[in-house]
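**Student:** predicted model and sequence follow; I will ask about them next.
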Amino acid sequence: MQQYLQFSQEVQQAIADGRPVVALESTIISHGMPYPQNVQTAREVEQIIRDHGAVPATIAIMNGRIHIGLSDADLELLGQSRDAIKVSRRDLPYVLSEKKLGATTVAATMICAALANIPVFVTGGIGGVHRGAETSFDISADLQELAQTSVAVVCAGAKSILDLGLTLEYLETHGVPVVSVGQEAFPAFFTRNSGFKADFRLDTPEQQAAFLKTKWELGLQGGVVIANPVPEADAMPEAEIEAMTNQALAEAEQQGIGGKAVTPFLLARIKELTAGRSLTTNIALVKNNAVCGARLAAALKQI
């Protein structure tokens with residue numbers, strides 16, 4: 001397995017020293033935000049993790065290796081490349097064997113983090129069951145990965161472009177705990193309240209770490225959703241986001257956009273419809289998750 005992993009010097013040293021490490025995905029850089037905000041945000045998120053006592057490990061596929069920790073030049077390459085492949089579980093063997101440039105989704109980042117023995121992963125929002133999935137069968141591979149790969153995913157809930165009720169039902173069926181931080185409600189990415197409750201509320205990193213330790217020591221394999229709502233000051237009005245989501249979904253259908261292309265299209269269209277305010281919210285929630293994830297990784301090292 002080690003032949004596929006390439007650790008940055010910073011991450012390798014942190015692991016050798018027994019310091020906490022936090023995994024970060026790269027699709028948010030290549031497909032989630034426009035340049036240059038994507039690279040700037042990636043660097044700022046990495047620094048936030050350092051400032052809160054952990055070491056960031058942004059993950060991507062380059063030259064036939066899984067890179068655990070990226071250089072500034074790597075971040076620039078991902079941020080500007082039009083050729084980076086959006087990599088989920090099914091795509092990993094192809095992108096590695098063909099030595100393509102790949103940006104990892106939540107599912108692929110979980111796999112790579114687990115291979116590198118990194119139990120905490122920070123992202124913006126998880127994928128889920130898409131609206132209309134009863135006919136399209138469009139369900140993100142993120143959910144299946146959460147059911148089988150033992151990594152905690154710190155996120156601002158699931159993106160509000162999804163069917164959040166069905167997403168939570170799917171997670172329940174597969175035994176994936178959904179833990180909310182600071183509130184009972186499950187957050188909906190751009191907004192704090194999806195209208196649904198999380199399974200459990202655990203506000204402190206120590207509580208969250210004890211939960212993870214207990215789960216995995218019991219042999220209950222699989223991930224945990226740590227749902228950390230966007231800060232109140234940065235949240236968007238629920239009615240406004242819902243209206244714009246519906247408009248963007250209708251436009252995607254009219255244009256025949258499907259599969260992996262749906263989420264990037266919807267996020268980009270919502271950014272246009274909100275005159276950039278949704279991007280500001282997106283950046284704020286990722287930074288907020290970085291603080292939560294760094295504290296959780298540090299707490300896990302203490303127990």
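**Tutor:** In hand now; what should we look at? Numbering: from 1, shown residues only.
**Student:** how near is residue 2 to residue 247?
**Tutor:** From residue 2 across to residue 247, the span is 48 Å (Cβ to Cβ, to the nearest Å). No exception for glycine: its C-beta is placed from N, CA and C like everyone else's.
**Student:** neighbour count for the two, which is higher?
**Tutor:** More neighbours surround residue 247 than the other of residue 2 and residue 247, with 13 against 8 (other Cβ atoms under 10 Å).
**Student:** so who does residue 101 touch?
**Tutor:** Residues in contact with residue 101 (Cβ atoms under 8 Å, 6 or more residues apart in numbering) are 60, 61, 62, 77, 78, 81, 83, 84, 85, 95.
**Student:** now those in a markdown table, with distance to residue 10 and pLDDT?
**Tutor:** Converted to a markdown table, the contacts of residue 101 look like this (distance: Cβ to Cβ, whole Å; pLDDT from 0 to 100):
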| residue | distance to residue 10 | pLDDT |
| --- | --- | --- |
| 60 | 15 | 98 |
| 61 | 19 | 98 |
| 62 | 16 | 98 |
| 77 | 18 | 97 |
| 78 | 17 | 97 |
| 81 | 23 | 96 |
| 83 | 26 | 95 |
| 84 | 22 | 97 |
| 85 | 26 | 97 |
| 95 | 24 | 98 |
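**Student:** and which of the residues you listed is nearest residue 33?
**Tutor:** For the contacts of residue 101, the residue nearest residue 33 by Cβ to Cβ is residue 78; the value is 11.1 Å.
**Student:** surely that closest one is in a strand?
**Tutor:** No. Assessed with DSSP: H, G, I helix; E, B strand; the rest coil, residue 78 is helix; it does not lie in a strand.
**Student:** list the contacts of it.
**Tutor:** Going by Cβ under 8 Å, 6+ apart, the list of residues near residue 78 reads 26, 29, 30, 39, 60, 70, 84, 101, 103.
**Student:** and if we set it to 6 Å?
**Tutor:** Residue 78 is in contact with 26, 29, 30, 60, 84, 103, counting by Cβ atoms under 6 Å, 6 or more residues apart in numbering.
**Student:** residue 45 too?
**Tutor:** By Cβ under 6 Å, 6+ apart, the contact set of residue 45 is 286, 290.
**Student:** what's the pLDDT at it?
**Tutor:** Listed pLDDT for residue 45 reads 98.
**Student:** what about it, distance to residue 52?
**Tutor:** In this view, residue 45 and residue 52 are 11 Å apart by Cβ to Cβ.
**Student:** and if you look at residue 146?
**Tutor:** According to Cβ to Cβ, residue 146 stands 24 Å off from residue 52.
**Student:** neighbour count: those two, which is higher?
**Tutor:** Counted by other Cβ under 10 Å, residue 146 and residue 52 do not tie: residue 146 has more neighbours, with 29 against 19.
**Student:** contact partners for the residue nearest the centre of the chain?
**Tutor:** The residue lying closest to the centre of the chain (Cα atoms, centre = their mean) is residue 123, at 2.8 Å. By Cβ under 6 Å, 6+ apart, the contact list for residue 123 reads 25, 106, 155.
**Student:** same thing but 7 Å
**Tutor:** Residue 123 is in contact with 25, 28, 106, 153, 155, counting by Cβ atoms under 7 Å, 6 or more residues apart in numbering.
**Student:** same check on residue 298?
**Tutor:** Going by Cβ under 7 Å, 6+ apart, residue 298 touches 20, 53, 54.
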